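J.: coords below, sequence missing:
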């Protein structure tokens with residue numbers, strides 16, 4: 001696994017300002033903007049060939065841009081149809097393979113839905129499927145972090161305690177912490193220094209310093225209702241107390257990557273990196 005020495009900031013996908021957008025020009029633009037990470041967005045499928053992944057990796061290494069990946073959105077490891085579960089696993093495995101070929105670090109995915117079932121049974125099913133994913137990747141020599149994401153709706157599997165438990169019980173698994181999703185899932189809570197302190201303390205207590213040294217974080221503004229997440233917003237157009245959040249990340253000496261998922265992806269990534277540098281440790 002890649003060892004990270006600091007907290008990096010980047011974009012969810014190719015920056016909007018990229019001339020002649022492609023993954024390669026996107027990485028180069030990330031560097032020009034003064035950022036140092038980019039998330040490959042496999043939104044509808046993994047349409048990246050191994051040869052191109054290797055080329056992307058060389059450009060990322062040359063520009064000192066850390067690559068992560070978001071597996072396709074159509075994933076449900078708790079689907080009732082076995083074929084859908086297997087297809088979901090293939091999408092996660094393919095995302096991890098292409099990311100690894102590109103020299104990347106961490107693959108994130110939404111694990112599934114409760115489908116009105118007993119959360120304890122859903123947990124066991126999803127754990128079994130992720131264990132199988134990890135074993136397949138290990139057998140292929142693919143070394144990246146496997147990251148079930150903290151999700152934005154109470155109907156989706158993936159609250160913090162579930163993700164911590166998965167990380168305790170499975171190798172090469174750590175949570176992807178989406179602070180905007182946590183805020184929306186909990187209908188406006190988890191937007192204060194005290195609550196973030198509680199979250200990071202729990203992660204450190206249950207998973208050790210390694211988890212804080214290898215955090216995969218998503219931050220954006222978010223619009224939400226009683227049912228949770230509705231859509232992402234730009235930080236300055238939202239109620240997210242993002243400056244306080246960055247101060248807590250610095251206080252806990254978090255390392256890893258912060259990916260901006262705001263609509264103005266690079267605008268908020270630059271804003272966060274600048275603010276983070278200004279915060280006194």
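T.: Thanks, I have it. Computed from a predicted structure; not experimentally measured.

J.: how about the helices in the stretch 1-150 of the chain?
T.: 23-32, 50-62, 82-101, 119-139 (DSSP state H, counting those that start in this stretch).

J.: okay, the angle between the shortest one and helix 50-62?
T.: Okay, so that is helix 23-32. Helix 23-32 and helix 50-62 are oriented at 10 degrees to each other (axes from the mean of the first three to the mean of the last three C-alpha atoms, to 10 degrees).

J.: distance from the chain centre to helix 23-32, please.
T.: With C-alpha atoms, centre = their mean, to the nearest Å as the basis, helix 23-32 stands 19 Å off its chain's centre.

J.: would CSV of the helices of the stretch 1-150 of the chain with mean pLDDT and distance to residue 271 be doable?
T.: Where you see a C-beta, it was placed from the backbone N, CA and C, and this is true even at glycine. Below are the helices of the stretch 1-150 of the chain laid out as CSV (pLDDT from 0 to 100; distance: least, C-beta to C-beta, whole Å):
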stretch, mean pLDDT, distance to residue 271
helix 23-32, 98, 15
helix 50-62, 98, 23
helix 82-101, 98, 26
helix 119-139, 98, 34
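
J.: who are the contact partners of residue 105?
T.: Neighbouring residues of residue 105 by C-beta atoms under 8 Å, 6 or more residues apart in numbering: 1-2, 4, 66-68, 99, 144-145, 257.

J.: can I get the helices of the stretch 1-150 of the chain in JSON lines including mean neighbour count and distance to residue 276?
T.: Formatted as JSON lines, the helices of the stretch 1-150 of the chain follow (neighbours: other C-beta atoms under 10 Å; distance: least, C-beta to C-beta, whole Å):
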{"stretch": "helix 23-32", "mean neighbour count": "20", "distance to residue 276": "16"}
{"stretch": "helix 50-62", "mean neighbour count": "16", "distance to residue 276": "21"}
{"stretch": "helix 82-101", "mean neighbour count": "20", "distance to residue 276": "25"}
{"stretch": "helix 119-139", "mean neighbour count": "16", "distance to residue 276": "31"}
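
J.: and residue 249, which of those is closest to it?
T.: helix 23-32 (20.0 Å; C-beta to C-beta).

J.: would you list the phi and psi of residue 229?
T.: Torsion angles at residue 229 (phi, psi; degrees, to the nearest 10) stand at phi -60, psi 140.

J.: returning to what we had before: adding distance to residue 177, write the contacts of residue 105 out as TSV.
T.: Listed next are the contacts of residue 105 as TSV, based on distance: C-beta to C-beta, whole Å:
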residue	distance to residue 177
1	18
2	18
4	15
66	17
67	19
68	13
99	19
144	17
145	12
257	11
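
J.: tell me which two in those residues are the farthest apart.
T.: Among the contacts of residue 105, 4 and 99 lie farthest apart (C-beta to C-beta), at 15.3 Å.

J.: can you say which of the helices of the stretch 1-150 of the chain is nearest to residue 241?
T.: helix 23-32 (26.1 Å).
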